[in-house]
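Trainee: Below are the sequence and a predicted model for it; my questions follow.
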Amino acid sequence: MPLDELEEISGIKPKVLLADGEEREVSSQTSTSVYKVKRTWDHYYCTCPAWRNQGGSPVNARTCKHLKALLGDKYEDARIKLKNPDGPPPKGGSRGKAAPKGKAKAASKAVAKTPTKRKKRAAEEDDDDDEEEEGDEGGKPPPAKRGRKAPASSTSKGKGKQKQEDEDDAEEDDEGAEDDEEPQTVGKSIPELLLANKWDIETGPDPTGWWLSEKLDGVRTYYDGSQFVSRLGNPFTPPNWFLDKLPNDVALDGELYGGRGGFQSTVSIVKTVNSVHWKNISFQVFDVPSRGHETFEQRYEFLRKTFGKSGTHETEQICVVEHEVAQSRQHVLDKLKEIESLGGEGLMLRKPGSVYEGKRSSSLLKIKTFYDAEAIVTGYAPGKGRNKGITGALKCKMESGKLFNVGSGLTDKTRRVPPKIGTIITYRFQELTRDGVPRFPSYVGLAIDKSEPKDAEIPEHRKTGTTSA
């Protein structure tokens with residue numbers, strides 16, 4: 001088998017083999033439009049509407065007529081079959097349509113009291129950021145539910161205008177990093193989850209006595225008693241055998257997790273309808289929104305009795321995230337160093353005695369290391385949604401020559417009058433993707449003392465997709 005799994009599939013080679021991160025332009029066959037095709041790790045994406053609107057298919061099992069023209073029809077058929085063996089055959093030549101919505105039976109008794117709100121802007125800042133296709137759904141797959149009546153829906157439609165979230169929402173999930181790359185379906189109700197603030201290593205509050213846990217690099221997931229939904233309310237489609245391991249009278253907050261350094265693989269799996277690879281995914285539970293009035297200690301004890309060793313629903317697939325009491329600030333810093341050296345993302349701190357608030361709260365804090373680097377501005381991506389008519393993101397080039405967009409961190413003033421092309425800027429990020437580009441980059445400011453871009457020195461364990469020994 002070739003080292004590059006896309007080099008040859010079932011004896012079929014592509015017309016053109018793109019290297020990881022390589023881009024090509026493909027002209028439309030019916031108009032003057034030109035679309036960008038890019039390879040990212042184990043899949044390709046195209047900027048055409050047909051590719052984006054295949055919401056029922058995982059991102060690594062989508063195709064379009066432009067990909068078929070570039071790579072070959074037979075090759076694309078083989079690639080889609082490899083990546084989504086249980087899915088429908090690729091359409092490719094027409095717009096993919098989302099599966100018809102299924103109507104859940106009315107519930108007789110509510111599981112959770114957690115309120116929800118309607119998010120009116122569909123992750124607009126995220127659309128302005130670098131095109132991380134693994135989360136760009138463009139539609140939605142049908143939700144996976146048990147074959148029995150759901151006890152309740154923990155989501156309901158709210159009213160009122162959604163206030164703009166702070167910059168962290170354009171960066172990543174607070175217990176994971178998935179939904180920022182995922183456009184929320186218009187009109188979809190979303191769960192109000194407990195979101196974290198950042199803990200400043202030097203000036204943050206004394207963490208002594210707080211609950212300390214690893215910040216898992218997975219996909220933030222809300223379980224409503226019958227199905228998994230993302231932070232933005234879009235359904236995931238696990239096999240029924242996975243859901244059958246969960247009780248139906250409780251709402252849970254956690255992450256679908258494929259291991260340290262496996263974020264991109266995890267995203268591909270959980271967005272694949274009934275993927276056989278769900279066996280490699282675990283649901284890491286860290287809170288119970290339906291018991292949100294209780295203290296965290298009470299909620300954590302419930303999780304341990306339910307899913308822990310000798311618990312009523314003990315199973316390898318459902319795990320309780322381990323917590324320990326922070327002894328001191330130095331203890332937290334030492335633990336952060338240990339977790340990051342193992343390829344972990346960072347740490348979480350939970351205030352003792354705290355209740356579950358369906359909003360961003362100072363009772364939950366996140367800790368992780370960031371890197372600063374410089375890039376040269378090469379152009380501008382137009383804004384969308386509330387940023388329509390102004391700059392949505394800065395197109396930038398790294399010292400390595402890699403191209404990426406920076407949309408997070410830009411103020412309205414900067415969007416109206418962006419740095420000139422050729423300007424060197426400083427951006428901040430947490431780690432590199434498999435492409436070697438920054439993941440969730442955020443604009444810091446002008447690098448007035450620099451004349452050339454400079455990449456950050458990143459240890460191997462801070463590159464997405466690497467695993468620790």
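Mentor: Received it, and whenever you're ready, just let me know what you need.
Trainee: which residues of the stretch 301-450 of the chain fall in strands?
Mentor: For the stretch 301-450 of the chain, the strands defined by DSSP state E, counting those that start in this stretch occupy 318-320, 324-325, 346-350, 360-367, 371-382, 391-397, 403-406, 424-429, 431-432, 438-439, 442-446.
Trainee: Residues contacting the first one, please?
Mentor: By C-beta atoms under 8 Å, 6 or more residues apart in numbering, the list of residues contacting strand 318-320 from outside reads 245-246, 282-286, 300, 303-304, 307-308. All C-beta atoms are positioned from the backbone trio N, CA, C, and that covers glycine.
Trainee: ditto for the second one
Mentor: For strand 324-325, contacts defined as C-beta under 8 Å, 6+ apart pick out 209-213.
Trainee: that older thread, out of the contacts of strand 318-320, which is most surrounded?
Mentor: Highest neighbour count within the contacts of strand 318-320: Phe286, with 26 neighbours (other C-beta atoms under 10 Å).
Trainee: Check the spacing between Arg304 and Glu314 real quick.
Mentor: 10 Å (C-beta to C-beta, to the nearest Å).
Trainee: quick revisit: for ChimeraX, write the selection for the buried entries among the contacts of strand 324-325.
Mentor: Command for ChimeraX that selects the buried part of those, burial taken from 16 or more other C-beta atoms under 10 Å:
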select :210,211,212,213
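Trainee: Let me have the contacts of strand 324-325 in JSON lines, adding distance to Gly11 as columns.
Mentor: Formatted as JSON lines, the contacts of strand 324-325 follow (distance: C-beta to C-beta, whole Å):
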{"residue": "Gly209", "distance to Gly11": "61"}
{"residue": "Trp210", "distance to Gly11": "57"}
{"residue": "Trp211", "distance to Gly11": "54"}
{"residue": "Leu212", "distance to Gly11": "52"}
{"residue": "Ser213", "distance to Gly11": "47"}
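Trainee: In terms of distance to Lys15, which of the contacts of strand 324-325 ranks first?
Mentor: Nearest to Lys15 out of those is Ser213 (C-beta to C-beta; 48.3 Å).
Trainee: ok, that closest one touching Lys335?
Mentor: No. Using C-beta atoms under 8 Å, Ser213 is not in contact with Lys335; the gap is 9.6 Å.
Trainee: Now do the shared contacts for those two.
Mentor: Leu347.
Trainee: quick one on the thing from earlier: the strands of the stretch 301-450 of the chain: lowest mean pLDDT?
Mentor: Mean pLDDT values for the strands of the stretch 301-450 of the chain show the minimum at strand 431-432, a mean of 82.
Trainee: Show me what that one is packed up against.
Mentor: Using 3 or more C-beta pairs under 8 Å, 6 or more residues apart in numbering; DSSP states H and E, the elements in contact with strand 431-432 are strand 438-439.
Trainee: So in that sheet, which strands flank the strand it packs on, and in what orientation?
Mentor: strand 431-432 (antiparallel) (DSSP bridges).
Trainee: can you give me the helices for this protein?
Mentor: Remark: helices assigned in the chain by DSSP state H are 49-52, 65-71, 73-83, 124-128, 240-243, 263-270, 296-307, 329-341, 412-416.
Trainee: Now do the same for the second one: mean pLDDT, whole number.
Mentor: In this case it means helix 65-71. Mean predicted lDDT for helix 65-71 stands at 92.
Trainee: just the CA coordinates of it, formatted as PDB?
Mentor: Extracted C-alpha coordinates of helix 65-71, given in PDB (Å, rounded to 0.1, in the frame of the first residue of the first chain):
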ATOM      1  CA  LYS A  65     -17.700  18.000 -11.100                       C
ATOM      2  CA  HIS A  66     -14.600  20.100 -10.700                       C
ATOM      3  CA  LEU A  67     -12.800  17.500  -8.600                       C
ATOM      4  CA  LYS A  68     -13.900  14.800 -11.100                       C
ATOM      5  CA  ALA A  69     -12.600  16.900 -14.000                       C
ATOM      6  CA  LEU A  70      -9.200  17.300 -12.200                       C
ATOM      7  CA  LEU A  71      -8.800  13.900 -10.600                       C
END
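Trainee: Can you name every helix or strand that that helix contacts?
Mentor: Packed next to helix 65-71, using 3+ C-beta pairs under 8 Å, 6+ apart, are strand 23-27, strand 34-40, strand 43-46, helix 49-52, helix 73-83.
Trainee: could I get the ones you listed as TSV with mean neighbour count and distance to Pro453?
Mentor: Shown next, in TSV, are the helices and strands packed on helix 65-71 (neighbours: other C-beta atoms under 10 Å; distance: least, C-beta to C-beta, whole Å):
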stretch	mean neighbour count	distance to Pro453
strand 23-27	14	19
strand 34-40	19	21
strand 43-46	24	25
helix 49-52	21	30
helix 73-83	20	35
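Trainee: so which of the helices of the chain gets nearest Ile390?
Mentor: helix 412-416 (4.4 Å).
Trainee: For that closest one, list every residue counted as buried.
Mentor: Residues of helix 412-416 classed as buried by neighbour count (16+ other C-beta under 10 Å): 414-415.
Trainee: And Asn387, how close does it get to Thr411?
Mentor: Asn387 is 11 Å from Thr411, by C-beta to C-beta.
Trainee: go on, Lys198?
Mentor: In terms of C-beta to C-beta, Lys198 sits 18 Å off from Thr411.
Trainee: cool, Leu446 as well?
Mentor: Distance from Leu446 to Thr411, by C-beta to C-beta: 13 Å.
Trainee: neighbour count winner among these two?
Mentor: More crowded of Leu446 and Thr411, by other C-beta under 10 Å: Leu446, with 16 against 9.
Trainee: Could you pull up the residues touching that one?
Mentor: 419, 423-426.
Trainee: How about Gly311?
Mentor: Counted by C-beta under 8 Å, 6+ apart, Gly311 has contacts 304-305.
Trainee: Was I right to think Arg220 contacts Leu193?
Mentor: Yes. Counting by C-beta under 8 Å, Arg220 touches Leu193, with 7.3 Å between them.
Trainee: List the contacts of stretch 416-430.
Mentor: In contact with stretch 416-430 (C-beta under 8 Å, 6+ apart) are residues 172, 345, 368-380, 390-391, 394, 396, 406, 409-410, 438-447, 450-453, 456, 462.
Trainee: buried subset of the residues you listed?
Mentor: For the contacts of stretch 416-430, buried by 16+ other C-beta under 10 Å: 172, 345, 368, 371, 373-377, 380, 390-391, 394, 396, 406, 409-410, 438-444, 446-447, 453, 456, 462.
Trainee: Need the residues that contact stretch 298-307.
Mentor: Contacts for stretch 298-307 (C-beta under 8 Å, 6+ apart): 211, 247, 250, 285-288, 291-292, 294, 311-315, 318-320, 323, 356.
Trainee: typed the wrong thing, it's stretch 332-339
Mentor: Contacts for stretch 332-339 (C-beta under 8 Å, 6+ apart): 201, 207, 212, 214-215, 326, 345-347, 349, 367-369.
Trainee: Return the closest of those with respect to Leu71.
Mentor: Closest to Leu71, out of all of the contacts of stretch 332-339 and judged by C-beta to C-beta, is Glu345, at 33.9 Å.
Trainee: List the contacts of the closest one.
Mentor: Contact partners of Glu345, counting by C-beta under 8 Å, 6+ apart, are 177, 214-217, 260, 339, 368, 430.
Trainee: possible to save these as CSV with distance to Phe236 and pLDDT?
Mentor: Shown next, in CSV, are the contacts of Glu345 (distance: C-beta to C-beta, whole Å; pLDDT from 0 to 100):
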residue, distance to Phe236, pLDDT
Ala177, 15, 36
Glu214, 22, 95
Lys215, 21, 93
Leu216, 16, 91
Asp217, 17, 85
Arg260, 21, 86
Ile339, 26, 90
Lys368, 25, 83
Gln430, 24, 78
